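Novice: here is my input, please return the structure:
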Amino acid sequence: MAKVRKLSPRRLRPATRLSSALPAETRPARAPAAIVETEELGRRIRKLRMDRRMTLKQVERSAGLSATHLSEIERGRTSPTIGALVRIARALEKDTSYFIERDERGDVAHLSRDQAVRLQHSPGVEASVLTTGIPGSRLFAYRLLLKPGPGRTGEFSLAAEDGDGEALYMVRSGSVISRFGESEITLHPGDGVQACTVMSHRLRPAANEPVELLALFTRSLEGGA
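Specialist: Down below sits the predicted model:
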C-alpha cells in the first residue's frame, strides 16, 4: 500500500530543499507553453550571456561549440540542435526550458495576492494560483478554499495517475477529513500531509465551516504536465 505521511507542527523538521539533486538539465521540466521563434531564442541566449558577463569564447570552451556558431545562434540566423541547446544552457547555468518556453520566466517568481488567478476547481472549491513558476520547475502552488454545502460541494478531489507525482497539503484554518486511497486522516490547523498521486485524493471540511489550505503539486490543476 502506498504510504501517506502526516506532519503535525510539533514534529516538523528543519526545511530541506525541494529541488532534486540532479543537474538542472536532467531533471523533468515543466512542459513548455510553446516553442519560441529562432530570433527570440537567440535574444535570450545573448541576454543571459551578457548578464553573466561571459564572452563568446568562454561559452565556446564550456559548451564545446564554436564562437562563430554561437554568434549565428544569438543573431537568430540558425537554430541550435537540442543537444547544443542543452550544452549552452549548462554553460550559462540555466535550465534549458528558460530558452524555449513562450513566457520568459525569471529565477524568482512573485505574485501578489491581488494578482492571483482564481480557478473554480469544482462546486465549493476555489484554487488561487500562488506563483507563475520558474524555469524548469515542476512545482505548482495553490491556495485552496473549501466551502461546504449540499452533497459533495466543498470537496476537493484529485484523480489517481501513473508516474511519480506528489502532493503536499498544509491546513491554514478549519479542519479537514482527507482520504488518500484507503487511508483516512483528519487534519487540523497547522497540520501537513504529503502523498503520492498514484492514488486518488479527497479532502472535505470536517465541519460546516470553510477550510483554507496551501497545496503544492507536481502537476497543474489547470491541465498540462
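Novice: contacts, neighbours, all on C-alpha from now
Specialist: Fine.
Novice: give me the pLDDT value at the residue lying closest to S66 once chain neighbours are set aside.
Specialist: Excluding its sequence neighbours, the residue lying closest to S66 (C-alpha to C-alpha, 6 or more residues apart in numbering) is E60, at 5.4 Å. pLDDT for E60: 93.
Novice: shaky segments in this protein?
Specialist: The model of the chain has pLDDT under 70 over residues 1-35, 103-107, 109-111, 135-137, 223-225.
Novice: which residues in it form helices?
Specialist: Assigned by DSSP state H, the chain shows helices spanning 38-51, 56-63, 67-74, 82-91, 97-100.
Novice: most tightly surrounded among these?
Specialist: helix 97-100 (a mean of 22; mean count of other C-alpha atoms under 10 Å).
Novice: before we move on, back to that, TSV for the helices of the chain, including distance to L221?
Specialist: As requested, those are exported to TSV (distance: least, C-alpha to C-alpha, whole Å):
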stretch	distance to L221
helix 38-51	28
helix 56-63	37
helix 67-74	36
helix 82-91	29
helix 97-100	20
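Novice: and of those helices, who's closest to D114?
Specialist: helix 97-100 (26.1 Å; C-alpha to C-alpha).
Novice: for the closest one, name the packing helices and strands.
Specialist: helix 38-51 (3 or more C-alpha pairs under 8 Å, 6 or more residues apart in numbering; DSSP states H and E).
Novice: other residues contacting the helix it packs on?
Specialist: Helix 38-51 has contacts (C-alpha atoms under 8 Å, 6 or more residues apart in numbering) with T55, I73, E74, R75, G76, R77, T78, S79, L92, F99, I100.
Novice: list the buried residues for stretch 182-200?
Specialist: Along stretch 182-200, these residues count as buried under the neighbour rule (16 or more other C-alpha atoms under 10 Å): 187-200.
Novice: just the CA trace of that stretch, in PDB.
Specialist: Extracted C-alpha coordinates of stretch 182-200, given in PDB (Å, rounded to 0.1, in the frame of the first residue of the first chain):
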ATOM      1  CA  GLU A 182      -7.700   3.700   1.500                       C
ATOM      2  CA  SER A 183      -6.100   5.900   4.200                       C
ATOM      3  CA  GLU A 184      -8.300   8.500   6.000                       C
ATOM      4  CA  ILE A 185      -6.700  11.200   8.200                       C
ATOM      5  CA  THR A 186      -8.300  14.200  10.000                       C
ATOM      6  CA  LEU A 187      -6.200  17.300   9.600                       C
ATOM      7  CA  HIS A 188      -6.300  20.400  11.900                       C
ATOM      8  CA  PRO A 189      -4.800  23.900  11.600                       C
ATOM      9  CA  GLY A 190      -1.100  23.700  11.200                       C
ATOM     10  CA  ASP A 191      -1.100  20.000  10.200                       C
ATOM     11  CA  GLY A 192       0.600  18.900   6.900                       C
ATOM     12  CA  VAL A 193       0.300  15.800   4.800                       C
ATOM     13  CA  GLN A 194       2.200  14.500   1.800                       C
ATOM     14  CA  ALA A 195       1.100  11.800  -0.600                       C
ATOM     15  CA  CYS A 196       1.900  10.400  -4.000                       C
ATOM     16  CA  THR A 197      -0.600  10.700  -6.800                       C
ATOM     17  CA  VAL A 198      -0.800   7.100  -7.800                       C
ATOM     18  CA  MET A 199      -3.900   7.000  -5.600                       C
ATOM     19  CA  SER A 200      -6.900   9.300  -5.500                       C
END
